[in-house]
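1. Need coordinates for the following:
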Amino acid sequence: MSDERVRNRLRLVPIVLYSVGMGYAEAAVVVYLRRIYYPEGFKLTLAPIELHILRMEIGREVATLVMILGVSLLAYENRLKKMGAFLLIFGIWDIFYYVFLKALLDWPASFMTMDVLFLIPVPWIFPVVLPISISTLMVGFGLWLILRK
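-> Below is the predicted model:
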């Protein structure tokens, strides 16, 4: 195995650790938000949120994407590997977000549980199985881009 392939594989360790850590941080924020806005338990109907809090939440979503982009741009020199890193980080982050929500809140109840995925540009509401499936594909394709010759 060439030195470059070994380096590509070794770079995966901090990328995966970063992604899992981001998944936990994102889940922790959602735990706080649900405690504040849904003290009786989360319901899919969006609770009224003050405009400045909504703007801050959308800003947090943008900041999350910027952090993923920043790390993926630093991870590799090659453009396709950078894209692979972005897909890998996003996919692992999203999967572990749900893993940690399940561990912290025992939520979602099933893969068919509906969730608000993003607020940009409007709320995206789909069953949890959709982002997990897409994220699994992103992880696979991201790894392929990073590890291919």
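2. Distance of residue 90 relative to residue 26?
-> According to C-beta to C-beta, to the nearest Å, residue 90 and residue 26 sit 11 Å apart. All C-beta atoms are positioned from the backbone trio N, CA, C, and that covers glycine.
3. Any regions of the chain where pLDDT drops low?
-> Low-confidence segments of the chain, defined by pLDDT under 70: 44-47.
4. before we move on, which element is the residue nearest the centre of it in?
-> The structure's the chain has its C-alpha centroid closest to residue 94; by C-alpha atoms, centre = their mean the separation is 2.9 Å. Using DSSP states H and E, residue 94 sits in helix 79-105.
5. again, but for residue 115
-> Using DSSP H and E, the element containing residue 115 is strand 114-118.
6. Mind listing what's buried along the helix or strand just after that strand?
-> Remark: after strand 114-118, the chain's next helix or strand is strand 124-127, criterion DSSP H and E. When burial is assessed from 16 or more other C-beta atoms under 10 Å, strand 124-127 yields the following buried residues: residue 127.
7. List of residues touching strand 124-127?
-> Residues outside strand 124-127 that contact it (C-beta atoms under 8 Å, 6 or more residues apart in numbering): 44, 111, 112, 113, 114, 115, 116, 117, 118.
8. one more time with 6 Å
-> By C-beta atoms under 6 Å, 6 or more residues apart in numbering, the residues outside strand 124-127 that reach it are 112, 114, 116, 117, 118.
9. For these, which entry has the maximal number of neighbours?
-> When neighbours are taken as other C-beta atoms under 10 Å, the top entry among these is residue 117 (17 neighbours).
10. With adjacent residues omitted, what lies nearest to that one?
-> Distance criterion C-beta to C-beta, 6 or more residues apart in numbering; nearest residue to residue 117, sequence neighbours excluded, is residue 124 at 4.2 Å.
11. Bridged to the one you found, which residues?
-> Beta bridges link residue 124 to residue 118, judged by DSSP bridges.
12. quick one: contacts of whichever strand or helix holds residue 142?
-> Assigned by DSSP H and E, residue 142 belongs to helix 129-147. Applying C-beta under 6 Å, 6+ apart, the external contacts of helix 129-147 come out as 8, 80-81, 83-84, 87-88, 90-91, 94-95, 111, 117.
13. what does stretch 86-105 give?
-> 19-20, 22-24, 26-27, 31, 68, 72, 107, 131, 135, 138-139, 141-142.
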